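>>> okay, here's the prediction I keep looking at, along with the sequence it came from:
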Amino acid sequence: MRLLISSLLFISSFSLFAQNETANDTIKEMKTELEEVIIGKKKKAVERKADRTIFDFSEQSHLNSGSLLEGLKKLPGLIISEVAGMMYQGKQLEVYMDGRPLNIYSNELSAYLEGMPANAIEKVEVITHPGAEFPATSGGAIINIVSSRKAKKYLSLTYANGYSFTNYDKARHRFNNSVTISAANKLFSWQVQGGQSYTESYRQNKFYDSSNNTTLSATQADRYNRFYYLKTGLKFDFKKDRLLVNYDINTNNNSSYIDANGLGFASNDRSKSKYFYHDVVLTYQKRFEDPFTKLDFQLNFNDNTSNLDLNSTNNPTPVLDNNSNQNFYQFKSDFSKELIFLDKTKISAGVLGNLLDFETKSFGLRNLDYTRTSLAAYTEAHATYKDFEFIIGGRLESYDIDGNTDTDELSPFKQTRFFPNGVVQYNIMPQMHINASYNKKIRLPNTSSLNPNNTSYQNPNVTAFGNPYLEPTIYNNYEIEFNAFEYFFIGYSVTDADNQIIDRVINTPEGAAANITENFSNITIRNFNFGIPIPYMLFTKGLNETLKFNFNPDEVNFLYVYVGNQMHNIPGVESKSIWNYNLMSQIILPANVKFTATYNSSNTGGNHYFYKSERPINEHLDLTFSRKFLSNNLSVSLYINDVFNTNKQEFSLIDTDFVYNSGYDSRRIGFSLSYKIPSKNKLAKEESNILNDTNQKQDEGLIGN
C-alpha cells in the first residue's frame, strides 16, 4: 500500500511538472511570437483520454527502432500473435491508418506492419470506446496508426533509416529508408512521405499428434519480403474552408523457400505472394464564423489486390494459384456544433454509405463474388456538468449482403440495427477520474475470413481456408476504469459476443489438420488491466526526498509495470485465463544516453478461444540505447530485440489431439536513425498534418481533454 501511495504521489509530481512546463511554454511562446518563432509543446509518451489511449512513437526510441510490428508488440496491453490476432486489453482491434480503415487482414496485415518502419510513425491511438461517430462494425476497439509528422511551412525534410541482422543459422539482414518532405506556397500546401524496407527472416512451424507422437507437418522457411510505400497530401485553403487531397500506395513482393516433411510426405516448396494497395480520399471542410461549428464531407476509395502462388520442386503442377481483388467505396459527412447547455455541450451528427466488392479466384476460376452495402446515420452529444462529463450517442446502420460461390448462392443478409453508446466520467480532481462505459457493436466477417481459398502455406497434412457463409457477430461491451495522471490506471471490462467469429483447427476425415473459420453461439470475454510507474528514486532517497524533486518524466529513472488478465468463457470448454505481463524500465546514463528495457511474457495453460497456451505467449526481452545529437535534430538508437531468443509459441488445439508450435529468428541486433534537417527560416512554424486529419478531431475537445 505504501508503494502504491508513493507511486501516486510520484505521478502527481509528474502532473505538477507538466502543468508548470505548460505555463512556461505559454510565456515563452508569447515572447517568441514577437520574433515570429513558435516553440512547440513537448510530447507526452502516453496520453489517456476517456475514449482512447495515445502512444507517442516519434520520441520513444524503444518503440521506433525496428519495424512497426515490433514496436506495437512492446505496447502494454496489446497482444499480437498468429492465434489471437491483434487485441488490446481483451478487445479485438480494427486497424485504421491515418483515420481511415485499412481493410486488410491476416497475412496481408502482418506483411504490411512488418514492412512499415516504426521510425516513419508519429503515434498510435487505441480507441477503446469507439463512439457513434465510428462505424458500429469497429467491434470492440480501433487502433489508428498515424504515419506523418507535423507539416511545416517552407521546405522541411526528415530522413530516417535502420538496419538489423540475425544469426540464427546464418546471417539474415533487414534495412529500411524513409523520407518526409513538406512545403507550402501561396496556392497550396503539400506533404510527401515515402520509403521501403527489405527483410530476410527464418520461421519454423510444427503440427504433431500428441496421441501417437506423430509429426503431421514440420516446416522450415526462409522468407524475403520487399515493401514500398508512398503517402501524399495536398491542402487548398479557401478563406475559412479547405480541401484535402490524399493518395496512398503500397506494395509487397514476398518470397518463401520452404522445406517440409511429415507423415507420408516430404517436399521442397516455393511460395510467392504479391499485394498491391492504393487509397485515395477527398475531404472538404466547411468552416463558419462560429469556430465551434464544423461540417466535413469525405469521399474515399481503396483497392487491394493479392496473389499467392505455391510450387513444389517435387511436382511440376502448381499447388496454389489464388488471387483476390477488393474494392471499397465510402462517402461520409460529419457535422458538429457547441451549445449552451449544462456547462458545455457539443453535439455531432453524420451520415455514411459504403460499398465493398470482393472477388476471389483459384487457378483462374472465380469461386467467390461478394458484395456488401452499408448505410448509417448517427448523433452524439459530449457534455460537461460540474465534475461530470458525458458522451451519449446512437448509430443506426443498415446492411445488405449477397453473393455467390462457384457452386451456390450465399444466403442474403439484410438487416437494420440500432447501436447505442455511452460514457460517464467523474473527475475526482484534475487529471484523476473514474469512468464507466457501454456500447453495442457489430463485427461483419472480414474478407480474409470469407475467402474460400488458402492464403497461406499448405501441404498434404495441413491446410487452411475461409468460410463465405459466416454471419456477423453482435457485441455488448461494458467497462469501468480509474485513471490518475495518465500513468496509473486500473480497469475491468466484460464483452458478451453473440455468434462470435472464431478461428480453430479441426481433424479432417483423412486425419489431417485444417484451420477453419466459423460462428460460435455465445462467448463472454472478461478482462482486467493494471498499470503503475515506480520511480527508482523511492528506493535510494525515500519518499520525502522524492517529493522535493522537480521532475521531468523524460529525465527520470523508473519502472513501469503492466498486468492484464483475459478470460474467455466458452460453453462446453474448460477455460483458464491468460495473464499478460509488461515491464518497461528507463534509465538515464551518462552523456544523456537513454537506456530502455522492455520485457513481455504470460502464464501457461490459459486459452484463447480454442487454443491453449503451453508456453508463454510473446515472451521477449528487448534492450535499446539511444541519444540525440545536433540540437536534438539527429536521433540514434542501438537495440537488441529478444535477447534470450524466447519468443516462441506452442498451443494445444482444443477438441483435437494436435499441438502446434512455431518460432522464428526473433533475436535481432540493429540500429536506427532519424535526422530532421533544421529550417533557418524563422517563419517556419508547424501546422496541421495533411497526410491525415486525425489531430484536428482530437483538438476539438473530446471528453477527457
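In hand now; what should we look at? Numbers count the residues shown, from 1 in each chain.

>>> and Ser449, which of the three is it?
Assigned by DSSP: H, G, I helix; E, B strand; the rest coil, the conformation of Ser449 is helix.

>>> that one contacts Ile516, doesn't it?
No. Checked against C-beta atoms under 8 Å, the pair Ser449 and Ile516 is beyond contact range at 10.0 Å. Every residue, glycine included, has its C-beta placed from N, CA and C.

>>> please enumerate the shared neighbours of the two.
Here Ser449 and Ile516 have Asn467, Asp503 as joint contacts, going by C-beta atoms under 8 Å, 6 or more residues apart in numbering.

>>> who has more neighbours out of these two?
The residue with more neighbours, out of Ser449 and Ile516, is Ser449; 19 against 16, by other C-beta atoms under 10 Å.

>>> what residue ranges in the stretch 451-600 of the chain score low on pLDDT?
Along the stretch 451-600 of the chain, the parts satisfying pLDDT under 70 run over 546-554.

>>> which stretches in it count as strands?
Ranges of strands in the stretch 451-600 of the chain, per DSSP state E, counting those that start in this stretch, are 462-464, 473-484, 488-507, 513-535, 558-569, 578-589, 593-602.

>>> same list, those strands, but as TSV with distance to Tyr426 please.
TSV is the format used below for the strands of the stretch 451-600 of the chain (distance: least, C-beta to C-beta, whole Å):
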stretch	distance to Tyr426
strand 462-464	48
strand 473-484	10
strand 488-507	15
strand 513-535	19
strand 558-569	24
strand 578-589	28
strand 593-602	33
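
>>> so which of those gets nearest Gln326?
Nearest to Gln326, of all the strands of the stretch 451-600 of the chain, is strand 513-535, at 17.1 Å by C-beta to C-beta.

>>> for that closest one, list the C-alpha coordinates in PDB.
C-alpha atoms of strand 513-535 as PDB (Å, rounded to 0.1, in the frame of the first residue of the first chain):
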ATOM      1  CA  ALA A 513      -5.300 -30.700 -39.600                       C
ATOM      2  CA  ALA A 514      -7.500 -28.000 -41.100                       C
ATOM      3  CA  ASN A 515      -7.700 -24.400 -40.000                       C
ATOM      4  CA  ILE A 516     -11.200 -23.100 -40.400                       C
ATOM      5  CA  THR A 517     -13.300 -20.100 -39.500                       C
ATOM      6  CA  GLU A 518     -16.800 -20.500 -38.000                       C
ATOM      7  CA  ASN A 519     -19.500 -18.800 -35.900                       C
ATOM      8  CA  PHE A 520     -19.800 -19.800 -32.300                       C
ATOM      9  CA  SER A 521     -23.200 -19.200 -30.500                       C
ATOM     10  CA  ASN A 522     -22.000 -17.200 -27.400                       C
ATOM     11  CA  ILE A 523     -18.700 -16.200 -25.800                       C
ATOM     12  CA  THR A 524     -18.100 -14.000 -22.800                       C
ATOM     13  CA  ILE A 525     -14.700 -12.200 -22.500                       C
ATOM     14  CA  ARG A 526     -13.600 -10.700 -19.200                       C
ATOM     15  CA  ASN A 527     -10.500  -8.500 -19.000                       C
ATOM     16  CA  PHE A 528      -8.700  -6.900 -16.000                       C
ATOM     17  CA  ASN A 529      -5.800  -4.400 -16.500                       C
ATOM     18  CA  PHE A 530      -3.500  -2.600 -14.100                       C
ATOM     19  CA  GLY A 531      -0.600  -0.200 -14.800                       C
ATOM     20  CA  ILE A 532       1.600   1.800 -12.500                       C
ATOM     21  CA  PRO A 533       5.000   3.600 -12.600                       C
ATOM     22  CA  ILE A 534       7.600   3.100  -9.900                       C
ATOM     23  CA  PRO A 535      10.400   5.600  -9.600                       C
END
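
>>> how big is the angle separating that strand from strand 558-569?
Between strand 513-535 and strand 558-569, the angle comes out at 140 degrees (axes from the mean of the first three to the mean of the last three C-alpha atoms, to 10 degrees).

>>> go through strand 513-535 and flag the buried ones.
Judged by neighbour count (16 or more other C-beta atoms under 10 Å), strand 513-535 contains these buried residues: 513-517, 519-520, 523-525, 527-535.

>>> could you pull out the strands in the stretch 601-705 of the chain for me?
With DSSP E, counting those that start in this stretch as the criterion, the stretch 601-705 of the chain has strands spanning 607-608, 611-613, 620-629, 634-641, 648-653, 658-664, 668-677, 686-687.

>>> out of those strands, which gets nearest to Arg100?
For Arg100, the closest of those is strand 686-687, at 20.8 Å, according to C-beta to C-beta.

>>> could you give the mean pLDDT of the closest one?
For strand 686-687, the mean per-residue pLDDT is 56.

>>> can you pull up the most central residue in this protein?
Taking C-alpha atoms, centre = their mean, the centroid of the chain lies closest to Ile143, which sits 4.1 Å from it.

>>> what bridges to that residue?
Val95, Val126 (DSSP bridges).

>>> what's near enough to touch it?
Shown in contact with Ile143 (C-beta under 8 Å, 6+ apart): Leu78, Met86, Tyr88, Leu93, Glu94, Val95, Tyr96, Val124, Glu125, Val126, Ile127.

>>> which residues are in contact with the fifth one?
It stands for Glu94. So Glu94 contacts Pro101, Thr137, Ser138, Gly139, Ala141, Ile142, Ile143 (C-beta under 8 Å, 6+ apart).

>>> ok so, going back, closest one of the contacts of Ile143 to Thr604?
Using C-beta to C-beta, Leu78 is the member of the contacts of Ile143 that lies nearest Thr604, at 20.1 Å.

>>> ok, and the closest non-adjacent residue to that closest one?
With C-beta to C-beta, 6 or more residues apart in numbering as the criterion, Leu78 has its nearest non-adjacent residue at 4.9 Å, and that residue is Tyr88.

>>> and the one you found, what are its bridge partners?
Leu78, Lys91.

>>> picking up where we left off before, adding mean neighbour count and distance to Asn213, write the strands of the stretch 601-705 of the chain out as a markdown table.
Shown next, in a markdown table, are those (neighbours: other C-beta atoms under 10 Å; distance: least, C-beta to C-beta, whole Å):
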| stretch | mean neighbour count | distance to Asn213 |
| --- | --- | --- |
| strand 607-608 | 22 | 23 |
| strand 611-613 | 22 | 18 |
| strand 620-629 | 19 | 29 |
| strand 634-641 | 19 | 33 |
| strand 648-653 | 20 | 14 |
| strand 658-664 | 19 | 10 |
| strand 668-677 | 18 | 33 |
| strand 686-687 | 14 | 62 |
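
>>> let me know which of those strands is the nearest to Leu282.
strand 686-687 (19.9 Å).

>>> do I have it right that Asp369 meets Lys361?
No. Asp369 is beyond contact range of Lys361, at 10.0 Å (criterion: C-beta under 8 Å).

>>> so what touches the helix or strand hosting Asn421?
Here Asn421 sits within strand 413-429, counting by DSSP states H and E. Strand 413-429 has contacts (C-beta under 8 Å, 6+ apart) with 50-51, 129-132, 136, 380, 387-402, 433-442, 471-472, 703-704.

>>> go with 7 Å
Under the contact criterion C-beta atoms under 7 Å, 6 or more residues apart in numbering, strand 413-429 has outside partners 50-51, 129, 131-132, 136, 387-401, 433-442, 471, 703-704.

>>> strands paired with it, and their directions?
Strand 413-429 has its sheet partners listed here by DSSP bridges as strand 388-405 (antiparallel), strand 432-443 (antiparallel).

>>> please save the CA atoms from it in PDB.
The C-alpha trace of strand 413-429 is given here as PDB (Å, rounded to 0.1, in the frame of the first residue of the first chain):
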ATOM      1  CA  PHE A 413     -28.300 -10.900 -45.200                       C
ATOM      2  CA  LYS A 414     -30.500  -7.800 -44.900                       C
ATOM      3  CA  GLN A 415     -30.800  -6.100 -41.500                       C
ATOM      4  CA  THR A 416     -31.100  -2.700 -39.800                       C
ATOM      5  CA  ARG A 417     -29.900  -2.300 -36.300                       C
ATOM      6  CA  PHE A 418     -29.500   0.500 -33.700                       C
ATOM      7  CA  PHE A 419     -26.300   0.700 -31.700                       C
ATOM      8  CA  PRO A 420     -26.300   2.900 -28.600                       C
ATOM      9  CA  ASN A 421     -23.100   4.000 -26.700                       C
ATOM     10  CA  GLY A 422     -22.400   6.000 -23.600                       C
ATOM     11  CA  VAL A 423     -19.600   7.100 -21.300                       C
ATOM     12  CA  VAL A 424     -19.900   8.800 -17.900                       C
ATOM     13  CA  GLN A 425     -16.800  10.200 -16.200                       C
ATOM     14  CA  TYR A 426     -16.400  11.700 -12.700                       C
ATOM     15  CA  ASN A 427     -13.400  14.000 -12.300                       C
ATOM     16  CA  ILE A 428     -12.200  13.400  -8.700                       C
ATOM     17  CA  MET A 429      -9.600  16.100  -9.200                       C
END
